[in-house]
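Visitor: What shape does this take:
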Amino acid sequence: MPKFVSVEEIERQANALIAEYRELPIPIHSVASFLNLVVEPVALSDDVSGVLVVVDERGVIGFNRSHAPVRQRFSIAHEIGHFVLHRDEEQLFIDKGYRAFFRDTASGKGTDMRERDANAFAAALLMPAALVRRAAKSYHFDLGDEGGPVEELARRFGVSSQAMTLRLANLDILGPTKIPHSRH
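Guide: The predicted model follows:
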């Protein structure tokens with residue numbers, strides 16, 4: 001059975017890894033290298049985002065070379081999450097896509113908890129809460145705008161608009177009570 005890891009602990013561990021990085025987007029390959037992880041693009045079926053093989057205290061991450069660069073970055077960060085959080089539980093992780101929602105009918109299963117944790121870790125690593133909050137203060141959010149603030153923040157952090165939207169919502173920056181109405 002996988003160990004329980006709180007969101008606060010996930011955030012703390014991710015922040016500790018990137019404490020010295022001041023640039024955006026977070027240099028995910030440098031983070032992996034620091035952890036003695038080899039990162040390689042590999043030919044994977046389209047439904048497989050990434051793999052992690054752990055041997056002793058080292059590992060190899062393979063990411064789908066045909067996916068978009070922002071998806072590749074998230075996949076690498078997700079596998080780093082497995083390495084940091086779960087390497088004592090498993091030696092092989094194969095990730096077929098990522099669920100955007102944290103609760104579903106299978107969320108009580110151990111594998112889904114680990115996937116949720118790895119997703120949360122990837123989000124915290126690529127989009128550190130303090131940096132997202134600071135950057136978001138200078139924007140007026142209107143989800144109807146093409147190329148609006150969510151897309152701009154996503155570009156700055158090197159993630160997809162979907163990943164940024166979820167991060168903003170999870171940080172309670174963007175949500176039903178936080179979205180200002182357009183002034184037309």
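
Visitor: Would you confirm that residue 46 belongs to a strand?
Guide: No. Using DSSP: H, G, I helix; E, B strand; the rest coil, the secondary structure at residue 46 is coil, not a strand.

Visitor: Phi first, then psi, for the closest residue to it other than its chain neighbours.
Guide: Nearest in space to residue 46, with sequence neighbours left out and distances taken as C-beta to C-beta, 6 or more residues apart in numbering, is residue 66 at 6.8 Å. Any C-beta I mention is one placed from the backbone N, CA and C, and that applies to glycine too. Listed backbone geometry of residue 66 is phi -90, psi -10, with angles given as degrees, to the nearest 10.

Visitor: thought residue 66 was touching residue 48?
Guide: No. In this structure, residue 66 is not within contact of residue 48 by C-beta atoms under 8 Å, at 10.2 Å.

Visitor: rewinding a little: what separates the residue nearest to residue 46 from residue 72, distance-wise?
Guide: Noted for residue 66: a distance of 9 Å to residue 72, by C-beta to C-beta, to the nearest Å.

Visitor: who has more neighbours, the two?
Guide: Counting neighbours by other C-beta atoms under 10 Å for residue 66 and for residue 72 shows that residue 72 has the greater number, 19 against 13.

Visitor: Pull the contacting residues for that one.
Guide: When the contact criterion is C-beta atoms under 8 Å, 6 or more residues apart in numbering, the partners of residue 72 are 41, 63, 64, 65.

Visitor: Show me which residues of the lowest-mean-pLDDT helix or strand in the chain are buried.
Guide: Ranked by mean pLDDT, DSSP states H and E, the weakest helix or strand in the chain is strand 92-95, scoring a mean of 80. When neighbours are counted by 16 or more other C-beta atoms under 10 Å, the buried residues of strand 92-95 are found to be 93, 95.

Visitor: partners of that strand, with directions?
Guide: strand 50-55 (antiparallel) (DSSP bridges).

Visitor: What would the strand it pairs with look like as CSV? C-alpha coordinates only.
Guide: Output of strand 50-55 as CSV, limited to C-alpha atoms (Å, rounded to 0.1, in the frame of the first residue of the first chain):
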residue,chain,number,x,y,z
GLY,A,50,6.5,8.8,-19.8
VAL,A,51,8.3,6.0,-18.0
LEU,A,52,10.6,5.9,-15.1
VAL,A,53,13.0,3.0,-14.3
VAL,A,54,14.6,3.1,-10.8
VAL,A,55,17.8,1.2,-10.1
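
Visitor: average pLDDT across that strand?
Guide: The average pLDDT for strand 50-55 rounds to 93.

Visitor: Adjacent strands (with direction) for the following helix or strand past it?
Guide: Past strand 50-55, further along toward the C-terminus, the next helix or strand under DSSP states H and E is strand 58-64. Sheet pairing for strand 58-64, assigned by DSSP bridges, gives strand 37-42 (parallel), strand 50-55 (antiparallel).

Visitor: Thanks a lot, catch you later.
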